[in-house]
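In: what follows is a predicted protein model with its sequence.
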Amino acid sequence: MSTYNGRTPYYGRRRRRKRARTKIFTRRMRITLFVLFVLFLIAFSALMVKIYQINKKDGDRYRKAALSQQSYTNAVLNYQRGAIRDRNNTVLAVSIRKYNLVLEPRTLLTNEDKRTATVAAIAESFDIDIKKIQSVIDEKPNSMYEHFDELKELTTEQVESFRKKMDENKNIAGVWFEETYTRNYPLGSVACNLVGFMSSENQGTYGVEENYNEELCGTTGREYGYFDNNMNLQRTIKEAKDGNSVVLTIDANVQRIVEQQISNFQKKGVGASRVAVMMMNPQNGEVLAMASDSTFDLNNPRDLSGMYTEAQIAAMSDDEKKEKLMEMWSNFCIGSAYEPGSTYKPFTIAAALDENLVNGKSTFNCTGVRRVADREIHCSNRSGHGMLDLRHSLMESCNSALMEIGLRLGSGRFSNYNRIYGFGQRTGIDLPGETSGQLHTQEQLNPVELATSSFGQTQTMTMVQMLSGFCSLVNGGSYYQPHVVKEIQNSDGDVVETIDPVIVRKTISEDTSRKLRSYLKSTVEEGTATPAKVKGYSIGGKTGTAEKRPVSAKNYLVSFIGCVPADNPEVAIYVIVDEPRVSDQAHSTYATEFASRILKKVLPFLGQYASEGADGE
C-alpha cells in the first residue's frame, strides 16, 4: 500500500517560488541603491557648484556673519593702585597711567591700504622697525590681540599723538591702546625704608607697600569684544575698581631733613657704621620720621650704587649682592636689636618711683665701682660721683646708683616692668619686618645680669620699642601703639578708615611721669645731655653709651633720646650713632649734638616754635 500523500511536491513548489521572489527583490534593491547613489552624486556635485557660486558671490557677507559669532577679545582692565601720601598730602608713591599698543593683524589683512598705512604710522610714531610689525602680521594673520615689547608703557602724549593720526587718516586701523600703570616715587629715596616698593610680580615689597598691599590694590576689570554682522566692533566692559590711598603720619619735609642730616653726618661729619633716627608724637603714637643711612632710590630699588662703589659692586658675587640688597631694604628702626646703654636708665628709675622704692630725696653713694657677686662693675666715672640724689643720678648717668635701684626692684619687679614697657615683644607697628629683641627671663636675672640690665647692658631692644616706651614715660604713662598710617581714602578721596590712637596699656602713673620729665629736663640743661640743647626750646632727654660685644673690640653705640617741650612733650626723638669712626668712640656727644642739629631744623615744621623765655643756647 503506498504512503505518498501528495504533500512533498506541493511544499517544494512553494520554496522554489519564494526563492524566485527573493532574487527579484534583491535585483530591484540593487537597482534602487544604484539609482540613489547616482542621484547623491548629482546632488553633491550640484551642492559643490552652489557653494562655489555662493562663496564667489557672497563669501564676504557670510564671513562677516561667522565672525560675528567669534570672540574678539577677553582682556584684563588694570586698576590704578592707590597712592601713598604724607600727612600733608605730599605724594610719596603713585601709579601713573601708561598704555600698551595692541595690534589686530586680521583687521589689517582685510585691506592692503589699511595694512600699509597702519604699519607705516606705527613705525614712524614709535620708532620701531617696520619689518618687525610686518612679520607679526604675516606670522599671525588671524590674531586680533598682539603686543610688542617696544610698544609697552607708552605715555599719554605718545598715544594722543597717534590717535590724532588715526583721526586724520581712516586707513590707519586695527590699533588700540590698553591701559596699564607703572609705580612712581616722586621723591626718590625719601622714606624709602618706610614706604617700600613694588616687586616684579606687582606686589608690595617692604614697608607700607607690603603691609597695606590689600588696601592699595584694587579689583581688575574685564573687556569682552566681538564683531557684529557689519564687522563693527562691539565691546562689553566690566570696569576695574581702583585701590585705596594711604595717608601716612610722617611729614615728608621732616623726613627729608632728617635724611639729609644723616647723609651729612656720614659724608662730611664724623661718620659711623650705622646712623638712625626716629621721631614720634608722644600723645598719640604717630611716627613723624623714621630713617637710617641705608637708602636707595625707590624707582630703582635694585641699584646698589647709592651704598657701594662700582668696584665694590663688581667684586660681589650674586649671593653677596642679594644679601646686600636685603640689608639695604631692611628698616633698621624696627628690624635690628641692640643693647641701648644709658638711654634705658629712665625706665629703671620710673619703675622704682612707681613702686615707691625711691623718691626725690633718695641718695646713692658712688665710689666709681660696685662689687656684684664675684665681680666688680664700674661706673662711667671711675673715680666716682660721690653722693647723688635721684635727679643727679640720672643727670650724671651714674651706673652705681642705677645698680642700687635695680637691686631694690629685684628680678621679679624688674622683669615685670620690662614687659609693661613692651620690651621683648613686638610693638605691633604697621610695618613688616619688626623684631622683638631679647630679654633676660626673671630666672636669668642673677645679681650680675640684674645690675648690668638696670643701666641698659646685656639686654637688646629696637628703636621703635625704646621710643614707644619712652613716650609713655613722658606723656603721663599711656603706651600708644606706634603707627605710620593716619587714614585710608578711596579713589575719590573720601576717608574710608581713620587710624585712631590706641592706648595699649598704662606703664607708670602721672605723678611718676611728671617727676621723670623734670629729671630729663635737668639732664639736658645741666647734665650729660647739654649738647642736645636748642636755643628757644625746652628739651628733656637722656644720653646713652653702650659698650658692644666683644668688649675687647672697644666699639660703642652712642645715642640720645629726648622730647620737646620738656614739660608737655609733643615731639620725641631718638638718635643712634653706632660705632663712630673715631679712635675713642665712647662719647655720647656725637649723638646729642647730632640730635640738636636735627631738632633745630625740623621743629618749626612740626608746629613747635622757639620761645624767648625757653631754655637753650
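Out: Everything's here; your move.
In: so who does residue 306 touch?
Out: Counting by Cβ atoms under 8 Å, 6 or more residues apart in numbering, residue 306 makes contact with 189, 295, 296, 297, 328. Any C-beta I mention is one placed from the backbone N, CA and C, and that applies to glycine too.
In: and what of residue 87?
Out: Applying Cβ under 8 Å, 6+ apart to residue 87 gives the contacts 247, 248, 249, 250, 251, 486.
In: inside helices: which ones of the contacts of residue 306?
Out: residue 328 (DSSP state H).
In: ok, which pair from the contacts of residue 87 is furthest apart?
Out: With distances taken as Cβ to Cβ, the most widely separated pair in the contacts of residue 87 is 247 and 251, at 11.8 Å.
In: for these two, indicate the residue with more neighbours.
Out: residue 251 (22 against 19; other Cβ atoms under 10 Å).
In: what residues does that one make contact with?
Out: 86, 87, 88, 288, 289, 605, 606.
In: could you say which of those is surrounded by the most neighbours?
Out: Most surrounded of these: other Cβ under 10 Å gives residue 289, at 28 neighbours.
In: so what's that one bridging to?
Out: Going by DSSP bridges, residue 289 is paired in beta bridges with residue 279.
In: that one against residue 250, yeah?
Out: Yes: using Cβ atoms under 8 Å, residue 289 is in contact with residue 250, at 5.8 Å.
In: shared neighbours of residue 247 and residue 251, which are they?
Out: 86, 87.
In: which one of the contacts of residue 87 is nearest residue 314?
Out: Looking across these and measuring by Cβ to Cβ, the closest to residue 314 is residue 250, at 35.7 Å.
In: that closest one contacts residue 484, doesn't it?
Out: Yes: contact criterion Cβ under 8 Å: residue 250 and residue 484 qualify, at 6.5 Å.
In: what is in contact with these two at once?
Out: Common neighbours of residue 250 and residue 484 (Cβ under 8 Å, 6+ apart) are 194, 287, 290.
In: quick one: buried ones out of these?
Out: Neighbour counting with 16 or more other Cβ atoms under 10 Å marks 194, 287, 290 as buried within those.
In: which residues does residue 258 contact?
Out: Residue 258 neighbours (Cβ under 8 Å, 6+ apart): 277, 279, 289, 291, 598, 602.
In: as JSON lines, those with pLDDT would be great.
Out: Below are the contacts of residue 258 laid out as JSON lines (pLDDT from 0 to 100):
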{"residue": "277", "pLDDT": "98"}
{"residue": "279", "pLDDT": "98"}
{"residue": "289", "pLDDT": "98"}
{"residue": "291", "pLDDT": "98"}
{"residue": "598", "pLDDT": "98"}
{"residue": "602", "pLDDT": "98"}
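In: now for those residues, which pair is the farthest apart?
Out: It's 291 and 602 that sit farthest apart of these, by Cβ to Cβ, at 11.4 Å.
In: so which of the two has more stuff around it?
Out: A count of neighbours by other Cβ under 10 Å puts residue 291 above the other of residue 291 and residue 602, at 31 against 24.
In: just the element for that one, please.
Out: Per DSSP states H and E, residue 291 falls inside strand 287-292.
In: CA atoms only: put that strand into CSV for me.
Out: Extracted in CSV, the C-alpha atoms of strand 287-292 (Å, rounded to 0.1, in the frame of the first residue of the first chain):
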residue,chain,number,x,y,z
VAL,A,287,55.6,108.2,63.7
LEU,A,288,56.8,111.6,62.4
ALA,A,289,60.1,110.4,60.8
MET,A,290,62.0,107.2,60.5
ALA,A,291,65.3,107.0,58.7
SER,A,292,68.8,105.4,58.6
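In: what is that strand packed up against?
Out: Using 3 or more Cβ pairs under 8 Å, 6 or more residues apart in numbering; DSSP states H and E, the elements in contact with strand 287-292 are helix 192-195, helix 252-267, strand 272-280, helix 332-335.
In: can you do 10 Å?
Out: Applying 3 or more Cβ pairs under 10 Å, 6 or more residues apart in numbering; DSSP states H and E, one finds that strand 287-292 contacts helix 192-195, helix 252-267, strand 272-280, helix 332-335, helix 463-474, strand 571-580, helix 589-602.
In: residue 361: neighbour count?
Out: By other Cβ under 10 Å, 7 other residues sit near residue 361.
In: and it, helix, strand or coil?
Out: coil (DSSP: H, G, I helix; E, B strand; the rest coil).
In: isn't residue 316 right next to residue 327, touching?
Out: No: using Cβ atoms under 10 Å, residue 316 makes no contact with residue 327, being 12.0 Å away.
In: which of those two has more neighbours?
Out: Higher neighbour count among residue 316 and residue 327: residue 316, with 14 against 11, using other Cβ under 10 Å.
In: contact partners for the more buried one?
Out: By Cβ atoms under 10 Å, 6 or more residues apart in numbering, the contact set of residue 316 is 304, 308, 322, 323, 324.
In: before we move on, back to that, from the contacts of residue 251, pick the one nearest residue 583.
Out: residue 289 (31.1 Å).
In: if I look at the closest one, how far off is residue 511?
Out: Residue 289 sits at a distance of 31 Å from residue 511 (criterion: Cβ to Cβ, to the nearest Å).
In: equivalent analysis for residue 354, please.
Out: Going from residue 354 to residue 511 by Cβ to Cβ gives 9 Å.
In: neighbours of the residue nearest to residue 325 when sequence neighbours are not counted, how many?
Out: Using Cβ to Cβ, 6 or more residues apart in numbering and skipping the chain neighbours, the partner closest in space to residue 325 is residue 302 (6.3 Å). Residue 302 has 13 neighbouring residues, counting by other Cβ under 10 Å.
In: A helix includes residue 302, no?
Out: No: counting by three-state DSSP, residue 302 is not found in a helix; it is coil.
In: pLDDT at it, what is it?
Out: The model reports residue 302 with a pLDDT of 95.
In: does it really touch residue 197, like I thought?
Out: Yes: using Cβ under 10 Å, residue 302 is in contact with residue 197, at 9.4 Å.
In: what's the overlap in contacts for the two?
Out: With contacts defined as Cβ under 10 Å, 6+ apart, the residues shared by residue 302 and residue 197 are 296, 329.
In: hang on, the earlier thing: anything in contact with each of residue 354 and residue 511?
Out: Joint contacts of residue 354 and residue 511 (Cβ under 10 Å, 6+ apart) are residue 477.
In: what about the protein, any weak spots by pLDDT?
Out: Residue ranges of the chain with pLDDT under 70: 1-21, 49-74, 225-235, 612-617.
In: a markdown table for the helices and strands packed on strand 287-292, including distance to residue 203?
Out: Output for the helices and strands packed on strand 287-292, formatted as a markdown table (distance: least, Cβ to Cβ, whole Å):
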| stretch | distance to residue 203 |
| --- | --- |
| helix 192-195 | 15 |
| helix 252-267 | 24 |
| strand 272-280 | 27 |
| helix 332-335 | 20 |
| helix 463-474 | 24 |
| strand 571-580 | 31 |
| helix 589-602 | 33 |
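In: how far away is residue 483 from residue 464?
Out: Taking Cβ to Cβ, one finds residue 483 at 10 Å from residue 464.
In: of these two, which one has the most company?
Out: The residue with more neighbours, out of residue 483 and residue 464, is residue 464; 26 against 22, by other Cβ under 10 Å.
In: which neighbours do residue 291 and residue 602 share?
Out: Taking Cβ under 10 Å, 6+ apart as the criterion, residue 291 and residue 602 both touch 254, 255, 256, 257, 258, 261, 277, 279.
In: export those to CSV and tack on distance to residue 426?
Out: Putting the shared contacts of residue 291 and residue 602 into CSV (distance: Cβ to Cβ, whole Å) gives the following:
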residue, distance to residue 426
254, 25
255, 23
256, 28
257, 29
258, 24
261, 28
277, 21
279, 20
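In: please, which helix or strand holds the most centrally placed residue in the chain?
Out: Here the mean C-alpha position of the chain is nearest to the C-alpha of residue 209 (Cα atoms, centre = their mean), at a distance of 2.6 Å. Under the criterion of DSSP H and E, residue 209 resides in helix 207-211.
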